[in-house]
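can't give you the sequence, but here's the structure:
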């Protein structure tokens, strides 16, 4: 017989002997409370510690008891606690005798059974008996526990005020101080949250709110008032981000065991940022209570240098050393450094911790294998591939085909790029031919349950069909088309920011950068709504009306523009109007009069050949854009090597959209979940920051502010 089988056999005999022995006497169960010891429990029940140890093999003599551990107490003599219910046990020691009054639950929670779950384990997890589970899940009396079964788990009131104190003389009224929490107060008084709620029934059980100055009924701490005890025995300390027991021991000379014995909640929850703990007062320098209102914290990264660190945190090394004396031993990865909050205004802060910018590339999981489905109107039904010249001409004349081919070639470069990062991607591609019936057929034929995301189609009707079919499998659909579509589908990601987003970006930019500039608004008849909106945002703005909805009276322009800087909004979709207005404004510029021209909507009219780029450059023309200008970057080089030509704007957009989706899927193979963790992402010429609409899909909120400068178009400062 091997050793494993031998151990199982011996264990079985021991359990059988234990159960038979327990049938001969009565037992009670006892849930350990904070601060209780083996000796105090034995004294309470008038038994010896040995007898408790005998029936509770999970506890060890000399080691502290863990709160909420359920002990089996052999009743060899009458208990000092008249309220302790007597339990007769057969095989399971926690099953109550039927004669004992049944305790009514105060509520229920739901639990979904997992594989390998057993009734014993579930009962132990929720601190109830197997009989309690069966009583409220009657199917278990006649059937077995099965994976996926939803159980009603009863919740019982385990604590009564009598367990906390015996008379009114044992209580005092406590006034809540600023920033104190229920947990910190309960911890100071050595009671549980349940006991705090029992003593103060007016406290809400649905939230943890406490009001400064609120009066609470609490048990007096024996032998001393709370304030005296704090002064004489303990210091309070606020746990800072990523603090460890090792750090506390090194700083204050307190072991992990000492901290846990003084702060029972730490045993359960561990050290958590913002937690107020008690530390023993020793004959050393006083503990520096960290004020998170004045300081933030930074974790030193691997290979970080002093120069790089001071530049990043906007502090001098002398300032860092004064606040963090341990730096005198050298800069080490993992150190948590304290910096003044006033110095961190330009840093991203969360829960008092300075965050480094999230890097998707550094966070990808190569084990994730995204599956992409491309649905684009390549229009192979309209292109004769046997005639090369005719095929070129057809593609040049068809925007749907040109957009699809450009976007797909850019997407292929994105696939090459993600492959170099170690991520494998499966791709299936279909030509929708701008045919809704064909799209429906593809959706019916294709296996969708393994698809991570669908890119396309381009037309609104086909997009709606795809989104509805994909929605059944919770698959995200990436829409390259303009977001002005009237589709209201929850799983669609609209990659193009709306006109409203662009307009708001432009207004926000002007608001942020203006000082004493004179705001002037010029709008044609088709843009009066935008004029009204601008007047709401800039009430002191002046209006210049157009003559015949096209030109300006130069004398009126000279009257309105002042000697200081003038910022002029031009809202028009007519090329002739833009030509005349930009020409007049350009002629008005002189040393004493500076004019900068803006628009909230740079439409195709602004790109008309009749408009002088020189005038736009002189006016520092500034506008919102879904994309920025690019030079020769790594994507352009890769595209040239792969196809031998320069990428057009469609190819650039195809790369950016696809690479963004692939990186997010490589980080978490679920785009919806990845979006909860990731903010704005930026690529070759496009950036993305999706926000869920209340009644629709996900809309890109990112845009650029571009400006003409010295005959070049650059991102505005």
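Perfect, I can see it now. Note that the structure is a prediction, hence the values are computed from the model and not measured. Numbers count the residues shown, from 1 in each chain.

helix or strand for the residue nearest to residue 376 when sequence neighbours are not counted, which one?
What sits nearest to residue 376 in space, not counting adjacent residues and going by C-beta to C-beta, 6 or more residues apart in numbering, is residue 404, at 3.9 Å. For the C-beta atoms, the positions are set from N, CA and C on the backbone; glycine is no exception. Assigning secondary structure by DSSP states H and E places residue 404 in helix 399-420.

surely residue 364 is in contact with residue 663?
Yes: with contact defined as C-beta atoms under 8 Å, residue 364 counts as touching residue 663 (6.4 Å).

thinking again about what came up before, per-residue pLDDT, the residue nearest to residue 376?
We have a pLDDT of 91 for residue 404.

distance check, it against residue 383.
For residue 404, the distance to residue 383 (C-beta to C-beta, to the nearest Å) stands at 11 Å.

more crowded one of the two?
A side-by-side neighbour count of residue 404 and residue 383, using other C-beta atoms under 10 Å, places residue 404 first with 27 against 19.

just confirm residue 562 contacts residue 518, I think it does.
Yes: A contact is recorded between residue 562 and residue 518 when judged using C-beta under 8 Å, the distance being 4.9 Å.

compare neighbour counts for those two and give me the winner.
When residue 562 is set against residue 518 and neighbours are counted by other C-beta under 10 Å, the residue ahead is residue 518, at 19 against 14.

so what secondary structure elements neighbour the strand or helix carrying residue 521?
When secondary structure is defined by DSSP H and E, residue 521 falls within strand 518-523. For strand 518-523, the helices and strands in contact under the criterion 3 or more C-beta pairs under 8 Å, 6 or more residues apart in numbering; DSSP states H and E are helix 528-537, strand 542-543, strand 565-571.

now with 6 Å, please.
In this structure, strand 518-523 packs against helix 528-537, strand 565-571, with contacts taken as 3 or more C-beta pairs under 6 Å, 6 or more residues apart in numbering; DSSP states H and E.

output the ones you listed as JSON lines; include the columns mean pLDDT.
Listed next are the helices and strands packed on strand 518-523 as JSON lines, based on pLDDT from 0 to 100:
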{"stretch": "helix 528-537", "mean pLDDT": "94"}
{"stretch": "strand 565-571", "mean pLDDT": "94"}
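
without its sequence neighbours, what residue ends up closest to residue 196?
Nearest non-adjacent residue to residue 196 (C-beta to C-beta, 6+ apart): residue 186, at 4.8 Å.

ok, residue 362 to residue 417 distance?
When C-beta to C-beta is the yardstick, residue 362 and residue 417 sit 15 Å from each other.

residue 377 now?
Here the criterion is C-beta to C-beta. By it, residue 377 lies 25 Å from residue 417.

which one's more surrounded, the two?
Neighbours per residue, other C-beta under 10 Å: of residue 377 and residue 417, the larger number sits with residue 377, 26 against 19.

contacts only, for that one.
Taking C-beta atoms under 6 Å, 6 or more residues apart in numbering as the definition of contact, the neighbours of residue 377 are 400, 404, 432, 434, 458.

same thing with residue 479?
463, 492, 494.

need the phi and psi values for it.
With angles defined as degrees, to the nearest 10, residue 479 sits at phi -100, psi 110.

what is it paired to in the beta sheet?
Residue 479 has the following beta-bridge partners by DSSP bridges: residue 494.

TSV please, covering the contacts of residue 377 and showing distance to residue 448.
As requested, those are arranged in TSV below (distance: C-beta to C-beta, whole Å):
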residue	distance to residue 448
400	24
404	21
432	16
434	21
458	20
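
drop anything exposed from those residues.
400, 404, 432, 434, 458 (16 or more other C-beta atoms under 10 Å).

and the chain, what are its domains?
Residue ranges for the structural domains of the chain, counted by automatic domain parsing, are given in the record as 3-74, 107-155, 161-222, 247-259+266-354, 372-497+631-702, 499-625.

residue 711 is nearest to which of those?
Closest of those to residue 711 is domain 499-625, at 5.0 Å (criterion: C-beta to C-beta).

distance from the closest one to the middle of the chain?
Offset of domain 499-625 from its chain centre (C-alpha atoms, centre = their mean, to the nearest Å): 40 Å.

that domain: end-to-end distance?
10 Å (C-alpha to C-alpha, to the nearest Å).

what segments of the stretch 601-717 of the chain are strands?
If you assign secondary structure with DSSP state E, counting those that start in this stretch, the strands in the stretch 601-717 of the chain sit at 622-625, 681-682, 687-688, 690-692, 698-700, 704-709, 712-715.

can you add mean neighbour count, mean pLDDT and distance to residue 408 and give those back as a markdown table?
Formatted as a markdown table, those follow (neighbours: other C-beta atoms under 10 Å; pLDDT from 0 to 100; distance: least, C-beta to C-beta, whole Å):
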| stretch | mean neighbour count | mean pLDDT | distance to residue 408 |
| --- | --- | --- | --- |
| strand 622-625 | 23 | 96 | 24 |
| strand 681-682 | 16 | 88 | 21 |
| strand 687-688 | 22 | 92 | 19 |
| strand 690-692 | 16 | 90 | 22 |
| strand 698-700 | 23 | 92 | 20 |
| strand 704-709 | 20 | 94 | 24 |
| strand 712-715 | 12 | 90 | 27 |
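
with that, I have no additional questions.
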